[in-house]
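S.K.: Okay, predicted coordinates and the sequence, questions at the end:
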Amino acid sequence: MNKPTEKLYTFQFWLLCLSSVLFLASFNMIIPDLPDFLTTLGGQDYKGWIIALFTLAALISRPFSGKMADTVGRVPVMVIGTGVCIVCGLLYPVMITISGFFILRFVHGFSTGFKPTGTTAYLADIVPVARRGEAMGVLGMAGGIGMAGGPALGGYISNNFGMNVLFYTSSITALLSLLTIISMKETLADRQPFRLKDLKFSGSDVLEPRVAGPAIVMLLTVYSFGMILTIVPDYCKLLGMENKGLFFSAFVVASVAIRFIAGKASDKFGRIRVLQVGCILLALGLLYLGIAENKTDLYIAAVIYGFAVGINSPTIFAWTIDLSLEKFRARAIATMFIAMELGIGLGALISAWIYRNDTTKFALAYHSGVILAVIAIVYLFFLNRRQKG
C-alpha cells in the first residue's frame with residue numbers, strides 16, 4: 001500500500017474530487033424527473049422501485065468492488081462504475097417499456113456499487129491519517145457540487161429540451177468523469193491481475209465486523225434519503241415547486257456548506273459526538289418537512305436536512321476508515337456502503353408503500369424517518385457511554 005503524504009491537497013486529491021463532481025452530477029441529474037418519466041410509461045404505481053432496484057444492484061456489487069479494489073486496484077474499480085453510467089445514459093431513451101426501464105435501473109445501480117468504493121479507498125491511501133475527517137469533508141463538498149448542480153441542471157434540461165437530451169447529457173457528464181479517472185495514478189502498490197476467482201467471495205468478503213458501528217448508523221440515517229428520493233418529487237409538485245431538482249439542490253448546497261466544518265470537528269471532538277448532532281438535525285428536518293405548506297417551507301426543510309447529511313456523511317466515512325485494517329480497507333468501506341444501500345432501498349420501498357400516491361400520507365412517511373433517526377441518536381448515546389466506561 002502506498003503511504004499517504006503529510007500534504008492533503010495534492011494534484012491527485014483534486015483529480016479525485018473532480019471525478020466525484022462529474023460522476024455524482026451524472027446520475028443525480030436524472031433522479032428528480034424519473035417518477036414522472038415512469039408515469040408516462042404507465043408505471044406510476046411502482047415509483048418505490050426506481051431507487052430500490054438501483055440500490056439493490058449497488059448492494060449486490062459492493063462485495064465484488066471491495067475485493068477488487070483491494071486486489072486489482074482502486075482506479076479500475078472507479079473506471080467500471082463510471083463506464084456503467086455512460087452506457088446507461090445512452091440506453092434510457094430506447095428502453096421505453098416498464099420492464100426495460102427497471103432492468104436498466106438495476107444495471108445503473110452497479111455504477112454506485114463500484115465508483116464510490118474505489119474513490120473512498122483511493123482517498124484513504126493518499127491523505128494524512130490525522131486529517132481524514134477533513135479530507136472526507138472536502139471530498140463530500142466536491143461531490144455535493146455534483147449532487148446539487150446535477151438535479152438543478154437536469155430539471156432545466158428536461159423542462160426545456162426533454163428527457164432524451166437529459167439522458168444524453170448524463171452520459172456525457174459520466175464520460176468526462178471517466179477521462180479524469182484514467183489520468184490518475186494507481187495507489188495500490190501490490191496489485192494483482194483480475195482472475196475469475198475474484199468474483200467468488202465468502203462471508204468475510206461481504207462484511208467487516210470491525211465497522212459494525214458506522215454501518216448501523218449509516219443504515220438508520222440514510223433510510224430518509226431513499227424516502228426523499230422517492231416521494232419528495234411528488235411533494236414538490238403538490239406544493240407548487242415546478243423544478244423539483246431545486247429541492248435537492250437546496251439540501252445538497254446546505255450539505256456542502258457544512259461538510260468541511262463537520263469533517264474538521266469530527267477530527268477534533270470525535271466521530272460519535274459529531275454524529276449525535278447530525279442525527280438530531282436529521283430528525284428536526286424531517287419533522288419540518290412533514291408540516292411544510294409552501295415552497296419556502298420546502299427550502300427550509302431542505303436546508304436543515306442538508307446540514308444533517310453534511311455532518312453525518314463525512315463523519316461516518318472517516319469513522320469507518322479509523323476502524324478498518326489497512327489490508328482490508330476497501331472491504332470495510334464496502335461494508336459501510338452495503339449498509340447505505342440497504343437503508344436507501346428500504347427507505348424507498350417503505351415510504352412508497354406508506355404513501356401509495358395518497359397526498360394525505362406524506363407526513364406519515366416522513367415520520368418513519370424520524371423514528372429511525374431517534375433510534376440512531378439512542379444507539380450513539382450508548383456507544384459513547386461504553387467508550388467512556
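M.R.: Noted; the coordinates are in hand.

S.K.: so who does residue 137 touch?
M.R.: 259, 260, 261, 262, 263, 264, 314 (CB atoms under 8 Å, 6 or more residues apart in numbering). (Glycine included, C-beta is placed from N, CA and C.)

S.K.: Identify the residue nearest it in space, chain neighbours excluded?
M.R.: Excluding the flanking residues, the one nearest residue 137 by CB to CB, 6 or more residues apart in numbering is residue 263, at 2.4 Å.

S.K.: same thing with residue 88?
M.R.: residue 108 (4.2 Å).

S.K.: what about the one you found, how many neighbours?
M.R.: 23 (other CB atoms under 10 Å).

S.K.: what is the rounded mean pLDDT of stretch 284-292?
M.R.: Stretch 284-292 shows an average pLDDT of 94 in the prediction.

S.K.: Tell me the buried residues in that stretch?
M.R.: 284, 285, 286, 287, 288, 289, 290, 292 (16 or more other CB atoms under 10 Å).

S.K.: what helices or strands is the helix or strand where the residue nearest to residue 88 lies leaning on?
M.R.: Taking DSSP states H and E as the criterion, residue 108 maps to helix 98-126. Using 3 or more CB pairs under 8 Å, 6 or more residues apart in numbering; DSSP states H and E, the elements in contact with helix 98-126 are helix 11-28, helix 34-40, helix 48-71, helix 74-91, helix 132-161, helix 295-323, helix 329-355.

S.K.: List the buried residues in that helix.
M.R.: 101-102, 104-126.

S.K.: Give me the angle between it and helix 48-71.
M.R.: Counting by axes from the mean of the first three to the mean of the last three CA atoms, to 10 degrees, helix 98-126 points 40 degrees away from the direction of helix 48-71.

S.K.: could you check the angle helix 295-323 makes with helix 98-126?
M.R.: 50 degrees.

S.K.: Between helix 11-28 and helix 98-126, find me the angle.
M.R.: Using the same axes, to 10 degrees: helix 98-126 against helix 11-28 is 160 degrees.

S.K.: How many residues are close by residue 62?
M.R.: Considering only other CB under 10 Å, residue 62 is surrounded by 30 other residues.

S.K.: Run a quick check on it versus residue 340, I expect a contact.
M.R.: No: taking contacts as CB atoms under 8 Å, residue 62 lies outside contact range of residue 340: 9.0 Å.

S.K.: quick one: least confident helix or strand in this protein?
M.R.: helix 203-206 (a mean of 60; mean pLDDT, DSSP states H and E).

S.K.: Report the next helix or strand after that one in sequence order.
M.R.: Taking DSSP H and E, what comes next after helix 203-206 is helix 212-238.

S.K.: Backbone torsions only: list them for residue 47.
M.R.: With angles defined as degrees, to the nearest 10, residue 47 sits at phi -60, psi -30.

S.K.: ugh, wrong one, I meant residue 208
M.R.: phi -110, psi 110.

S.K.: repeat for residue 241
M.R.: phi -90, psi 100.

S.K.: Return the residues in contact with it.
M.R.: 247, 295, 298 are the contacts of residue 241 under CB under 8 Å, 6+ apart.

S.K.: Mind telling me what element residue 167 is part of?
M.R.: Counting by DSSP H and E, residue 167 is part of helix 163-181.

S.K.: coming back round to it: kindly reformat the helices and strands packed on helix 98-126 as JSON lines and extend each row with distance to residue 229 and mean pLDDT.
M.R.: Converted to JSON lines, the helices and strands packed on helix 98-126 look like this (distance: least, CB to CB, whole Å; pLDDT from 0 to 100):
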{"stretch": "helix 11-28", "distance to residue 229": "9", "mean pLDDT": "92"}
{"stretch": "helix 34-40", "distance to residue 229": "9", "mean pLDDT": "84"}
{"stretch": "helix 48-71", "distance to residue 229": "5", "mean pLDDT": "79"}
{"stretch": "helix 74-91", "distance to residue 229": "17", "mean pLDDT": "93"}
{"stretch": "helix 132-161", "distance to residue 229": "10", "mean pLDDT": "81"}
{"stretch": "helix 295-323", "distance to residue 229": "12", "mean pLDDT": "90"}
{"stretch": "helix 329-355", "distance to residue 229": "6", "mean pLDDT": "84"}
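
S.K.: Can you check which of those gets nearest to residue 97?
M.R.: helix 34-40 (11.1 Å; CB to CB).

S.K.: Pull the distance from the closest one to the chain's centre.
M.R.: Averaging C-alpha positions (CA atoms, centre = their mean, to the nearest Å) puts helix 34-40 22 Å from its chain's average.

S.K.: number of nearby residues for residue 359?
M.R.: Neighbours around residue 359, by other CB under 10 Å: 10.

S.K.: Name the nearest residue to it, sequence neighbours excluded.
M.R.: Per CB to CB, 6+ apart, closest to residue 359 is residue 238, 5.7 Å.

S.K.: try residue 168
M.R.: residue 89 (6.4 Å).

S.K.: Who are the contact partners of that neighbour?
M.R.: 26, 30, 167, 168, 169, 170, 171, 172, 174.

S.K.: what about 6 Å?
M.R.: Listed by CB atoms under 6 Å, 6 or more residues apart in numbering, the contact partners of residue 89 are 167, 170, 171.

S.K.: Can you tell me, leaving aside adjacent residues, what's nearest to the last one?
M.R.: Looking back up the chat, that one is residue 171. Closest to residue 171 by CB to CB, 6+ apart is residue 89, at 2.8 Å.

S.K.: got it, and the first one?
M.R.: Once its chain neighbours are removed from consideration, residue 167 has its nearest residue in residue 92; the separation is 4.1 Å (CB to CB, 6+ apart).

S.K.: Touching, the one you found and residue 166? I think so.
M.R.: No: if you go by CB atoms under 6 Å, residue 92 and residue 166 don't touch, sitting 8.6 Å apart.
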